[in-house]
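Chemist: One predicted model, sequence on top.
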Amino acid sequence: MDLLDANLELKEIQKLQGHTDRVWSLAWNPATAAADVPAVFASCSGDKTVRIWEQSPSTRSWDCKAVLEETHTRTVRSCAWSPSGKLLATASFDATTAIWENVGGDFECVSTLEGHENEVKSVSWNASGSLLATCGRDKTVWIWEVMPGNEFECIQVLQGHTQDVKMVLWHPTMDVLFSCSYDNTVKVWWSEDDDGDWSCVQTLGESCHGHSSTVWSLDFNAKGDKLVTCSDDLTLKIWKADIPRMQSGDGYAPWNHLCTLSGYHDRTIFSVHWSSYYCREGIIASGAADDALRLFVQGKDGSMNEPSYQLLLKKKAHDMDINSVQWCPGEKRLLASASDDGTIKVWELATLS
Amino acid sequence: MQAIVIVLCKVSVSIGDIKDPEHPYSLEELKVITEDAIEVDNERSYVRVTFTPTVEHCSMATVIGLCLRVKLMRSLPSRYKMDIRVAPGTHATEAAVNKQLNDKERVAAALENPNLLDMVDECLAPCYA
């Protein structure tokens, strides 16, 4: 099915209220991607709490199942589920990262990771759940090893960014870590040997067609051979790497700029997320400071080496800035967005009736 | 002296009488902020404020900018988008100051700092003559 020919719209399924301050981030529980399991996601806010939302199988409506409070003492900026869906990591301006475990419906804080000098801005689990990464305003990226008994040990503090690090994300299939920053760059971190040191193997900066202002967020396509980054410079950039070569053990495969999507956004783009379904190449969703969601797909024109991306649709989604946009994993065809207006909205991409 | 008033869809915001963090005068009295430095687009719900720090190396430029942002945030309807910047050519690290003032995550974190918040509230407190 060619999405550009289909008549699609983003239908608002529900508006979720509850947070008493801006909602910064949200994360779908990966274990709930299965068709018969009710979808669950976590949201975190300037109100210092994390909320867990679940879709009722009978009414199909979303309810807040838990409020994780009295742990973080400042804004909770980011949250991420472990690949098994059993643990939730939350990163806060209070300089800590909390690890929560779902114990029979109640969430307990089982560990607190300290070390960052100031605000922690992002947290990410690797594909196997054996490593955790955090980053913050202290310009560092920390890698933690997940040990038995919910113990976490910092194995390295990565220096390199010259400014506030906004987000970290592990590659979907390989233990390669990506970070993006207020210093306008994206850095790639890798450890060649299993027990070796991690180092910055590549910097995606202005000299290689990189961004000219803060890079706020990044995401990968399902295959992990393409990367999308978004920035305060009002553009999205797509990058590509020879992943099969790297997976076959042929050393590090660098990322190269593929194209820049400019002229579509007129205010800062805070979040970008690449769906793993709908069509072979997936759909890129962006959330921006103009309160709108935009969806982009690979266009029909363009060659293998220079694909073109086109705007599928734009939707004014909230009353204030959108801070986070996330596709639901699995086949559920849902998208969630979080905003400065304190609400979260769940959307369905559907054909216009 | 008349305070500078921005009239936006029946909401009046006076930002000229914000006190300078270092001097006993208001920002308008010091000519840090003047009427022509405020651009308002009511249809697009957009405000841009340009301010001129008193000296080129003014270390208080970020605090002044923060005060302007907080005053506007507290007074304008939430749909308004705002950009705050120093007047081009008036500050040694203009780009760095502008970037910080317009990074809402940095602004949010700064305003969670009680000392900074106190300073901002002090600058925004009405002056009873």
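Modeler: Nice, thanks for sending it over.

Chemist: quick one: low-confidence ranges for the chain?
Modeler: Just going to use chain A. Scanning chain A for pLDDT under 70 picks out A:1, A:278, A:302-305, A:332, A:353.

Chemist: hmm, I had chain B in mind actually
Modeler: For chain B (pLDDT under 70), the answer is B:1-14, B:24-25, B:27-32, B:35-36, B:56-58, B:126-129.

Chemist: Report the central residue of it.
Modeler: Centroid-nearest residue in chain B, with Cα atoms, centre = their mean: B:L68, separated by 1.8 Å.

Chemist: So it, which state does it fall into?
Modeler: Recorded secondary structure, B:L68: helix (DSSP: H, G, I helix; E, B strand; the rest coil).

Chemist: Contacts only, for it.
Modeler: B:L68 makes contact with B:15, B:18, B:33, B:49, B:51, B:84, according to Cβ atoms under 8 Å, 6 or more residues apart in numbering or on different chains. From N, CA and C alone the C-beta is placed, and that goes for glycine too.

Chemist: just the strands in the stretch 51-200 of chain A please.
Modeler: A:62-68, A:76-81, A:87-92, A:97-103, A:106-113, A:120-125, A:131-136, A:141-147, A:151-158, A:165-170, A:177-181, A:186-190, A:199-204 (DSSP state E, counting those that start in this stretch).

Chemist: Please apply the same query to chain B.
Modeler: Here chain B has its strands, by DSSP state E, at B:5-8, B:11-14, B:38-41, B:46-51, B:81-86.

Chemist: who's in contact with residue 49?
Modeler: Since you didn't name a chain, this refers to chain A. A:19, A:67-69, A:72, A:76 are the contacts of A:T49 under Cβ under 8 Å, 6+ apart.

Chemist: try chain B instead
Modeler: B:15, B:33, B:37-39, B:68, B:72, B:82-85.

Chemist: Distance check, it against B:P77.
Modeler: For B:V49, the distance to B:P77 (Cβ to Cβ, to the nearest Å) stands at 16 Å.

Chemist: near chain B, which residues of the stretch 151-300 of chain A show up?
Modeler: Counting by Cβ under 8 Å from any Cβ of the partner chain, the stretch 151-300 of chain A comes close to chain B at A:164, A:166, A:182, A:213-214, A:232, A:267, A:289-290.

Chemist: now these in a markdown table, with neighbour count?
Modeler: As requested, these are exported to a markdown table (neighbours: other Cβ atoms under 10 Å in any protein chain shown):
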| residue | neighbour count |
| --- | --- |
| A:D164 | 22 |
| A:K166 | 28 |
| A:Y182 | 24 |
| A:S213 | 17 |
| A:T214 | 25 |
| A:D232 | 22 |
| A:R267 | 16 |
| A:A289 | 22 |
| A:D290 | 19 |
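
Chemist: Any idea how many residues pack against residue 113?
Modeler: Chain wasn't specified; assuming chain A. 21 (other Cβ atoms under 10 Å in any protein chain shown).

Chemist: could you do chain B instead?
Modeler: As a burial measure, B:N113 scores 14 neighbours (other Cβ under 10 Å).

Chemist: what sits up against stretch A:62-69?
Modeler: A:14, A:16, A:18, A:40, A:48-56, A:88, A:90, A:100, A:105-107, A:109, A:346.

Chemist: try 7 Å this time
Modeler: Outside stretch A:62-69, the residues within contact range by Cβ atoms under 7 Å, 6 or more residues apart in numbering or on different chains are A:14, A:16, A:18, A:48-56, A:100, A:107, A:346.

Chemist: Let me know whether A:A31 touches A:S84 as I believe.
Modeler: Yes. Proximity of A:A31 to A:S84 meets the contact threshold set by Cβ atoms under 7 Å, at 6.5 Å.

Chemist: Tell me which of the two has more neighbours.
Modeler: Remark: of A:A31 and A:S84, A:A31 carries more neighbours, 17 against 12, as counted by other Cβ under 10 Å.

Chemist: Assign a three-state SS to that one, would you?
Modeler: helix.

Chemist: Contacts only, for it.
Modeler: A:84-85.

Chemist: ok, now how distant is it from A:S128?
Modeler: Distance, A:A31 to A:S128, using Cβ to Cβ: 15 Å.

Chemist: Check B:I18 too.
Modeler: Counting by Cβ to Cβ, the gap from B:I18 to A:S128 is 53 Å.

Chemist: Tell me which of these two has more neighbours.
Modeler: Shown here are B:I18 and A:S128; by other Cβ under 10 Å, B:I18 has more neighbours (24 against 13).

Chemist: A:F296 in helix, strand or coil?
Modeler: A:F296 ends up strand, using three-state DSSP.

Chemist: Quick check, it in contact with A:S308.
Modeler: No. At 10.1 Å, A:F296 does not count as touching A:S308 under the criterion of Cβ under 7 Å.
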